[in-house]
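Enquirer: can't give you the sequence, but here's the structure:
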């Protein structure tokens, strides 16, 4: 048998390369599919473990929710008083006591109109006071962390003396709490 001519050799070489490259390409496609499947399986396993953690916490969360629901409408979280006016007076007394303990001077205190919010009434005050930064911090902490649950809103702080190390601050804020029974007198 004689030697193959040059074009036939190139054709044979191309066929050999194709016979090797096509299976390798198919193997690469299969392996990349397996790698993607492994990555998806890892993501799914992570998601499943997160769902399991949430499911494990559910009984505790349900018990806490039930305890909170059982305590709603009574207890130390709400302002007392048979009416919104009495609750407003109680809120004024509480704010006055906290300000006095922190050596702040109340310049003005205005009872805001009671507002029904579901089964509760929102009782609020608009307060203007003069104090320094340390007492202001104690006042805000005492109001928000104490009982009954009170909320500070619309806080504005100004000073005339910007150069002083501990200037007197003019503070305006709204403070509100809730009382049970929106059906009561407003």
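Expert: Yes, it's here. The structure displayed is predicted, hence computed values, not measured ones.

Enquirer: can you list phi and psi of the spatially most central residue of the chain for me?
Expert: Taking C-alpha atoms, centre = their mean, the centroid of the chain lies closest to residue 151, which sits 15.6 Å from it. In terms of degrees, to the nearest 10, the main-chain angles of residue 151 are phi -130, psi 140.

Enquirer: who's it bridged to?
Expert: residue 176 (DSSP bridges).

Enquirer: quick one: contacts for it?
Expert: 144, 175-177 (C-beta atoms under 8 Å, 6 or more residues apart in numbering). Using the backbone N, CA and C atoms, a C-beta is placed for each residue, glycine as well.

Enquirer: correct me if wrong: residue 144 contacts residue 150.
Expert: Yes - using C-beta atoms under 8 Å, residue 144 makes contact with residue 150 at a distance of 6.4 Å.

Enquirer: next SSE downstream of the strand or helix carrying residue 20?
Expert: Under the criterion of DSSP states H and E, residue 20 resides in helix 6-71. Remark: after helix 6-71, the chain's next helix or strand is helix 84-101, criterion DSSP H and E.

Enquirer: what mean pLDDT does that following helix get?
Expert: For helix 84-101, the mean per-residue pLDDT is 88.
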